[in-house]
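Colleague: build me a structure from this.
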Amino acid sequence: MTELSNWERQELIKQLAGEERRRARAAWRVLEPAPELWEPLARDGDDAPHVRRILLDSAEQLTDAVLMACLPAVTGDRLRDDDDLMAGVRLTLASDLVRRWPRLRRSPGTT
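Modeller: Here you go, the predicted structure:
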């Protein structure tokens, strides 16, 4: 197997990121006209983590209930709990996302 050069690795990463953005936009085009599905899809199922990330890209259009269903994407609930490094990463991610979407600061049921 041939090892990739640094430049080739960077180009591959760019291509993969572009492909991920294209897929997310295509998924949003399917999800956007069906807001009644957002909360159930974000809350449960094998694809919920992907749905959460796609929905959070359009957070300004989400209800509080949908935002709360997306909260595991913010807090990194699937990351290892006993790892201090990952706890720091989760905290940083959560604080960045709360800055972007201040409604995440509120508890469910508050106005």
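Colleague: can you show me the helices along the chain?
Modeller: For the chain, applying DSSP state H gives helices covering 6-31, 38-43, 48-56, 64-69, 71-75, 84-100.
Colleague: identify each buried residue in the second one, please.
Modeller: By 16 or more other CB atoms under 10 Å, the buried positions in helix 38-43 come out as W38, E39, L41, A42, R43. The way it works is simple: take the backbone N, C-alpha and C, and place the C-beta from them, glycine included.
Colleague: then the longest one?
Modeller: Neighbour-count burial for helix 6-31, counted by 16+ other CB under 10 Å, picks out A27, L31.
Colleague: what packs against that helix?
Modeller: helix 48-56 (3 or more CB pairs under 8 Å, 6 or more residues apart in numbering; DSSP states H and E).
Colleague: ditto for the fifth one
Modeller: Helix 71-75 is packed against helix 48-56, helix 84-100, with contacts defined by 3+ CB pairs under 8 Å, 6+ apart.
Colleague: comparing those, which gets the lowest mean pLDDT score?
Modeller: Mean pLDDT is lowest for helix 84-100 out of the helices and strands packed on helix 71-75, coming in at a mean of 68.
Colleague: spatially central residue for the protein, please.
Modeller: By CA atoms, centre = their mean, the chain has its centre lying nearest to R53, at 2.4 Å.
Colleague: how about it, nearest residue that isn't a chain neighbour?
Modeller: Closest residue to R53 apart from its sequence neighbours, by CB to CB, 6 or more residues apart in numbering: A73 at 5.6 Å.
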